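[1] Return atomic coordinates for the entry below.
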Amino acid sequence: RIARRPAAARNVKSMDKRLLEILVCPVSKAPLAWNAEKQELHCRVSRLAYPVRDGIPVLLEEAARPLSEEEVEALR
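    Numbering: from 1, shown residues only. As a prediction, this is how the structure comes out:
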């Protein structure tokens, strides 16, 4: 039997480009940028980061965290 990592521990290395083209921030309606290291979608306009869990974006304002100034600058 092969041991599998729990779903919560799996990392998504890339986000489907077609999906990224249609996803927008629910707050600002601006495009989102994928951050594979943090497993998040970042919005420069609203300055929010949305988690991606098991490859599924959680695009809820209450699930988002504020981006730091450094993170916002990296999006430019």
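
[2] Direction included, what does the lengthiest strand in the chain pair against?
    Using DSSP state E to define each element, the chain has its longest strand at strand 48-53. Here strand 48-53 is paired, per DSSP bridges, with strand 40-43 (antiparallel), strand 56-57 (antiparallel), strand 65-66 (antiparallel).

[3] what's the most buried one of those?
    Among those, strand 40-43 has the highest mean neighbour count (mean count of other Cβ atoms under 10 Å), at a mean of 24. C-beta: built from backbone N, CA, C; applies to glycine.

[4] sorry, back to before: now the strands paired with strand 48-53 in JSON lines, with distance to D16 and mean pLDDT?
    JSON lines is the format used below for these (distance: least, Cβ to Cβ, whole Å; pLDDT from 0 to 100):
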{"stretch": "strand 40-43", "distance to D16": "12", "mean pLDDT": "97"}
{"stretch": "strand 56-57", "distance to D16": "11", "mean pLDDT": "94"}
{"stretch": "strand 65-66", "distance to D16": "23", "mean pLDDT": "98"}
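
[5] Of all those strands, which one is nearest P26?
    Nearest to P26 among the strands paired with strand 48-53 is strand 40-43; the distance by Cβ to Cβ comes to 9.1 Å.

[6] Other residues contacting the closest one?
    Residues external to strand 40-43 that are found in contact with it (Cβ atoms under 8 Å, 6 or more residues apart in numbering): 15, 23, 25, 27-28, 30-35, 48-52, 57, 59, 67, 71, 75.

[7] are any of the residues you listed buried, and which?
    The neighbour count (16 or more other Cβ atoms under 10 Å) marks 15, 23, 25, 31-32, 34-35, 48-52, 57, 59, 67, 71 as buried among the contacts of strand 40-43.

[8] Share the number of residues neighbouring S68, please.
    11 (other Cβ atoms under 10 Å).

[9] And it, how far from S14?
    24 Å (Cβ to Cβ, to the nearest Å).

[10] before we move on, what about L23?
    Distance from L23 to S14, by Cβ to Cβ: 14 Å.

[11] Hmm, L60 is touching P26, no?
    Yes - proximity of L60 to P26 meets the contact threshold set by Cβ atoms under 8 Å, at 7.2 Å.
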